[in-house]
Every structure is written in structure tokens, then in C-alpha cells.
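Engineer: Kindly generate the corresponding structure for this input.
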Amino acid sequence: MNPMPASPRSAAADAGDLTARAQAGDMAAFEGLYREQVGRVYALCLRMTGSRAAAEELTQQVFVRAWERLGSFRGDASFGTWLHRLAVNVVLGDRRSQGRRVARFDSVADLDSHAATPRPDGASLDLEAAVAVLPPRARSVFVLHDVQGMTHPEIAQAMGISAGTSKGQLHRARTLLREVLS
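Structural biologist: Residues are numbered from 1 along each chain as shown. Okay, here's the model as predicted:
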């Protein structure tokens with residue numbers, strides 16, 4: 001006889017229990033939270049950086065920071081939501097600390113060289129690969145807005161830019177994606 005799957009309410013209670021135990025210093029509980037969330041955090045870091053190596057490193061930084069700041073988690077939102085926001089901040093902070101200067105506009109010709117590279121199955125460049133070749137700021141805004149569902153004011157606050165700049169970067173990202181994918 002198969003046990004009944006956990007209801008969403010009991011799953012949330014289990015996550016809340018893990019979070020409370022982790023806040024009390026229970027490393028095994030934090031490990032459980034890590035196992036639950038690592039895939040989402042890695043996917044976010046990968047989309048924002050376009051690099052597997054950077055995404056792996058940043059994912060680890062997110063969980064180190066989460067452990068260090070677990071005491072600041074108040075439970076106003078779910079642990080996953082809090083961790084997602086922390087991950088966005090870690091990626092953006094890493095970008096700032098590296099002192100990357102992003103040119104305001106890269107030429108589409110630079111992106112076309114990536115589009116000409118065929119995939120092994122013969123299909124044209126897929127969306128993930130196209131997003132990966134976007135300029136970093138445009139890629140971040142695109143991921144935060146179109147993939148993660150953040151608003152322009154939220155993106156502006158997270159990235160330290162104006163909402164108008166966020167809108168402009170999103171337009172730029174979409175335009176470049178259309179040109180690369182066509």
C-alpha cells in the first residue's frame with residue numbers, strides 16, 4: 001500500500017519545521033533545505049550569469065550566505081522566496097564586486113557569431129543559449145523580469161538602476177533575442 005503524498009499544507013509545515021530547526025543551528029535541517037532548493041538556486045544563477053562554472057560557484061555562495069543570515073529570516077514569506085531574493089542579491093553583488101563594466105550597446109554582429117553555431121541536433125540556437133550570449137545587464141533584467149516575474153521597480157532596486165533603465169534593458173534584450181533567434 002502506497003502512502004498518501006503530503007498535502008501542500010503539510011509540505012509547507014515540514015519546510016517551516018526544517019527552517020526553524022536550521023535557525024536553531026541544526027545542520028541536518030539546513031542540509032534538507034539545501035537539497036530542496038539547490039536546483040532552483042542553481043537555475044537562477046545560471047540564467048543570470050550564462051556560465052555553468054559561475055553558477056556553481058555562486059550557488060555555493062548563496063547557501064553560505066543563507067547559513068550566515070538564517071537568523072534574519074523572519075518568515076514573512078516562504079524560505080524559498082527569501083532564498084531566491086538572497087540569490088539575486090548574491091549574483092548582482094558578485095557582478096558589482098568584480099567591477100565589470102558593461103558597454104551600453106554591443107553590436108548585434110557579436111551575437112550573430114553565436115547564432116551561426118549549429119547545435120548537434122541541427123536545430124538553430126535555443127533560447128537558453130541565446131540568453132547566455134546577451135550582454136550581462138540586459139540578460140539580468142530579462143531573467144528577472146520575464147523568467148522570475150519581478151517588476152521593473154523591484155529590478156531597479158535590486159540592480160541599483162532606474163526603472164526606466166530596466167525597461168530599456170528589457171527591450172534591448174528582447175530585440176537582440178529576436179534577431180539572434182530569427
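
Engineer: okay, CA-based contacts and neighbour counts for the rest of this
Structural biologist: Noted.

Engineer: ok, the closest residue to residue 92 other than its chain neighbours to residue 16 distance?
Structural biologist: Counting by CA to CA, 6 or more residues apart in numbering, the nearest residue to residue 92 once its immediate chain neighbours are dropped is residue 159, at 6.6 Å. For residue 159, the distance to residue 16 (CA to CA, to the nearest Å) stands at 30 Å.

Engineer: For the two, indicate the residue with more neighbours.
Structural biologist: residue 159 (20 against 16; other CA atoms under 10 Å).

Engineer: can you give me how far stretch 80-94 is from the chain middle?
Structural biologist: Here the centre of stretch 80-94 is set off from its chain's centre by 7 Å, with CA atoms, centre = their mean, to the nearest Å.

Engineer: let me fix that: stretch 71-83
Structural biologist: 17 Å.

Engineer: which residue is nearest the middle of this protein?
Structural biologist: For the chain, residue 44 is the residue whose C-alpha lies nearest the centre (CA atoms, centre = their mean; 2.4 Å).

Engineer: so it, which of the three states?
Structural biologist: Classification of residue 44 by DSSP: H, G, I helix; E, B strand; the rest coil places it in helix.

Engineer: ok, it - contacts?
Structural biologist: Counting by CA atoms under 8 Å, 6 or more residues apart in numbering, residue 44 touches 87, 88.

Engineer: rerun that using 10 Å as the cut-off
Structural biologist: If you count contacts by CA atoms under 10 Å, 6 or more residues apart in numbering, residue 44 has them with 38, 50, 55, 58-59, 84, 87-88, 91, 140, 143-144, 147-148.

Engineer: Going by distance to residue 132, which of those residues wins?
Structural biologist: The closest of the contacts of residue 44 to residue 132 turns out to be residue 50 (CA to CA; 4.2 Å).

Engineer: hang on, the earlier thing: can you say which of the contacts of residue 44 are buried?
Structural biologist: Neighbour-count burial (16 or more other CA atoms under 10 Å) is assigned, among the contacts of residue 44, to 38, 50, 55, 58, 59, 84, 87, 88, 91, 140, 143, 144.

Engineer: Identify, from the residues you listed, the entry nearest to residue 65.
Structural biologist: Of all these, residue 87 has the smallest distance to residue 65: 9.0 Å, by CA to CA.
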